[in-house]
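**Student:** give me a model of this one.
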Amino acid sequence: MIQVRLLNESKGPAVQGPRAQADRKLYARAARELLYTSAARMEECDVLFVALPHGEAASRIEQFAALAPRIIDCSADFRLRDAAAY
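**Tutor:** Here you go, the predicted model:
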């Protein structure tokens with residue numbers, strides 16, 4: 001990252017916005033190193049992002065919990081049914 005700054009700092013929070021300038025070559029290299037892996041090859045990590053078909057994450061949550069203390073499930077398996085619960 002080259003720089004990160006907040007635009008319109010002198011104005012109210014409704015018009016303020018963060019902006020970042022990144023190194024293109026460094027970003028491209030990091031994007032190539034991003035790993036997509038099968039469940040059989042997963043290693044322990046800090047945060048695990050899971051995007052599986054409906055029912056798959058719920059049926060394998062014990063396996064995923066052993067790999068990471070924090071799991072972000074992009075499927076609908078663990079969504080709350082009641083908006084008030086949020």
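**Student:** low-confidence bits of this protein, can you list those?
**Tutor:** Scanning the chain with the threshold set as pLDDT under 70 gives 1, 35, 85-86.
**Student:** in three-state terms, label the spatially most central residue of it for me.
**Tutor:** Nearest to the mean C-alpha position of the chain, by CA atoms, centre = their mean, lies F49 at 6.0 Å. Recorded secondary structure, F49: strand (DSSP: H, G, I helix; E, B strand; the rest coil).
**Student:** nearest spatial neighbour of it, chain-adjacent residues omitted?
**Tutor:** I72 (4.9 Å; CB to CB, 6 or more residues apart in numbering). Placement of C-beta: from N, CA and C, glycine included.
**Student:** ok, A51 next?
**Tutor:** C74 (4.1 Å).
**Student:** cool, I71 as well?
**Tutor:** Closest to I71 by CB to CB, 6+ apart is L48, at 4.9 Å.
**Student:** touching, that neighbour and R70? I think so.
**Tutor:** Yes. Contact criterion CB atoms under 8 Å: L48 and R70 qualify, at 7.2 Å.
**Student:** neighbour count: these two, which is higher?
**Tutor:** L48 (16 against 10; other CB atoms under 10 Å).
**Student:** which residues does the more buried one contact?
**Tutor:** Neighbour list for L48: M42, F64, L67, A68, R70, I71, I72 [criterion: CB atoms under 8 Å, 6 or more residues apart in numbering].
**Student:** buried ones only from the residues you listed, please, as a ChimeraX command.
**Tutor:** Selection of the buried residues among these in ChimeraX, burial being defined by 16 or more other CB atoms under 10 Å:
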select :64,68,71
